[in-house]
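Chemist: Curious how this folds, go ahead:
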Amino acid sequence: MSSAVAADGTRIAYQLAGPDPGTRPALLLLAGQSNNHHWWDPVRADFEAGRRTITLDYRGTGDSDKPDVPYSTQTFAEDAVAVLDELGLDQVDVYGTSMGGRTAQWLAIRHPERVRRLVLGCTSPGKAHGYERSQEIRRALSQRDQEASATVLRELMYTPAWLAANPGPYPVLGDTTMPAYAKGRHLVASNNHEAWDELPAIQAPTLILHGTDDVFSPAANADLLAARIPDARAKLVQGARHAYFHEFRAEASPLVLSFLKS
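Modeler: Residues are numbered from 1 along each chain as shown. A predicted model of the protein is given here:
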């Protein structure tokens, strides 16, 4: 297992795949809340034709350390920088989805020289200015019946037709090895994300992707981010829910690749 050491001593596990990129920048892939690098398993190979991909296990997940201390999306971004430093990479392309998109925002804001191109998927600028999921959805996800809650989450991620044709397992439903306290720390980190004031500082050309039928992180956030970030454009994936990048990979992955090559 490969790992980097964050500023506070936390060990962050990371994974490399794909060929040596040569002069092409590597692609850093950032997963959603309470997930490890397996979030990207269904689509990672889409990006590895002539390009190295990098994933990491957030603190609290996978093979990384799991300190019981406050987490934040800023902290996750600095952990990502520790991985890039360990690999000796001065600049990469970054693709973050869901909470990974929130983490990617801070990476591009705080370390503009490290991010060549930025892709933000199914994410938001934070609750103060962004569009949040409804209270009804929040209650459905927090109900005591864990199987019922899991069913709700699956249906927020994928369309009914996809679920019927693909019985799983689904790698985007959370890291089952996480201790309960770490899941709570991730939830607070994502809920407390607020980058609105600093989004105009992003220098990297930015592509924003979102499923039109995403109510977990409402699709209206895409245009909101595109208007706030300089040199950004939004593209909606018709009919997709939160896991657009998986279910609609045939459309989403080429959009990302075309943007990164442009």
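
Chemist: where exactly do the helices run in the stretch 151-262 of the chain?
Modeler: 160-165, 180-191, 220-228, 244-247, 249-261 (DSSP state H, counting those that start in this stretch).

Chemist: so Leu120 is in which element?
Modeler: Element membership of Leu120 [criterion: DSSP states H and E] is strand 115-121.

Chemist: quick one: that strand to chain centroid distance?
Modeler: 11 Å (C-alpha atoms, centre = their mean, to the nearest Å).

Chemist: Then stretch 96-106?
Modeler: 5 Å.

Chemist: Any stretches of the stretch 151-262 of the chain with poor pLDDT?
Modeler: Within the stretch 151-262 of the chain, no range satisfies pLDDT under 70.

Chemist: buried set for stretch 198-208?
Modeler: Within stretch 198-208, the residues scored as buried using 16 or more other C-beta atoms under 10 Å are Leu199, Ile202, Gln203, Ala204, Pro205, Thr206, Leu207, Ile208. Any C-beta I mention is one placed from the backbone N, CA and C, and that applies to glycine too.

Chemist: Stretch 127-144 now?
Modeler: His129, Gly130, Tyr131, Arg133, Ala140.

Chemist: hmm, who's touching the host helix or strand of Leu29?
Modeler: Leu29 is part of strand 27-30, with elements assigned from DSSP H and E. Residues from elsewhere that reach strand 27-30, judged by C-beta atoms under 8 Å, 6 or more residues apart in numbering: 37, 40, 44, 47, 51-56, 76, 80, 83-84, 92-97, 100-101, 103-104, 260.

Chemist: So which of the buried residues of stretch 198-208 are in strands?
Modeler: Thr206, Leu207, Ile208 (DSSP state E).

Chemist: The first one contacts Gly121, correct?
Modeler: No. Using C-beta atoms under 8 Å as the test, Thr206 is too far from Gly121 to be in contact (11.2 Å).

Chemist: And the longest helix seen in the chain, what's buried?
Modeler: If you go by DSSP state H, the chain has its longest helix at helix 73-87. By neighbour count on 16+ other C-beta under 10 Å, the buried set for helix 73-87 is 73-84, 87.

Chemist: Centre of the chain to the strand holding Leu29, how far?
Modeler: 8 Å.

Chemist: Quick check, Leu120 in contact with Ala104.
Modeler: Yes. At 6.1 Å, Leu120 and Ala104 qualify as touching, with contact defined as C-beta under 8 Å.
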